[in-house]
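Trainee: can you look at this prediction? I've put the sequence above it.
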Amino acid sequence: MIVVLVAVPTIVAAILYGMVSSLLTGPGPSRPFVTFSTAQLAQGNATITVAQVSQTVSPSNYWLNLQVGASTGAAQAMPSSGSYASITIGGTTYRI
């Protein structure tokens, strides 16, 4: 009888601890995002500057893509400052 009186509250406490501890850890890390400035056009080129990022990490941790009309290219890692990525859409290659 004493074993039952001790075992039941211990099991209930363990279950309650598991339920509460899972609530305290939160939903996990959020996906990073990047905000760009308005494109600056000069001599047929467009320069797009990163205005804000949600997490400070290497640019290669972010992926970018380009859509022209209804056609979309293949996503690529964001290039570091001063370089570019090439995305081909409908036979035209765009440097981003």
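Mentor: Now that the structure is in, tell me what you want to look at.
Trainee: flag the shaky bits of the chain, pLDDT-wise.
Mentor: By pLDDT under 70, the low-scoring segments of the chain are 1-29.
Trainee: spatially nearest residue to residue 76, not counting backbone neighbours?
Mentor: residue 85 (4.5 Å; C-beta to C-beta, 6 or more residues apart in numbering). Placement of C-beta: from N, CA and C, glycine included.
Trainee: can you pull the contacts of the one you found?
Mentor: Counting by C-beta atoms under 8 Å, 6 or more residues apart in numbering, residue 85 touches 64, 76-79, 95-96.
Trainee: same check, this time on residue 55
Mentor: residue 32 are the contacts of residue 55 under C-beta under 8 Å, 6+ apart.
Trainee: residue 77 now?
Mentor: Counting by C-beta under 8 Å, 6+ apart, residue 77 touches 59-64, 85.
Trainee: count the neighbours of the spatially closest residue to residue 80 that is not a sequence neighbour for me.
Mentor: Spatially, and ignoring its direct neighbours in sequence, residue 80 is nearest to residue 59 (5.2 Å; C-beta to C-beta, 6+ apart). Residue 59: 15 surrounding residues under other C-beta atoms under 10 Å.
Trainee: residue 59 contacts residue 82, correct?
Mentor: No - at 10.7 Å, residue 59 does not count as touching residue 82 under the criterion of C-beta atoms under 8 Å.
Trainee: flag every buried residue along stretch 63-78.
Mentor: Neighbour-count burial for stretch 63-78 flags 64, 66, 73, 78 (criterion: 16 or more other C-beta atoms under 10 Å).
Trainee: quick revisit: biggest separation within the contacts of residue 85, which pair?
Mentor: Within those, 77 and 95 form the most distant pair, 14.4 Å apart (C-beta to C-beta).
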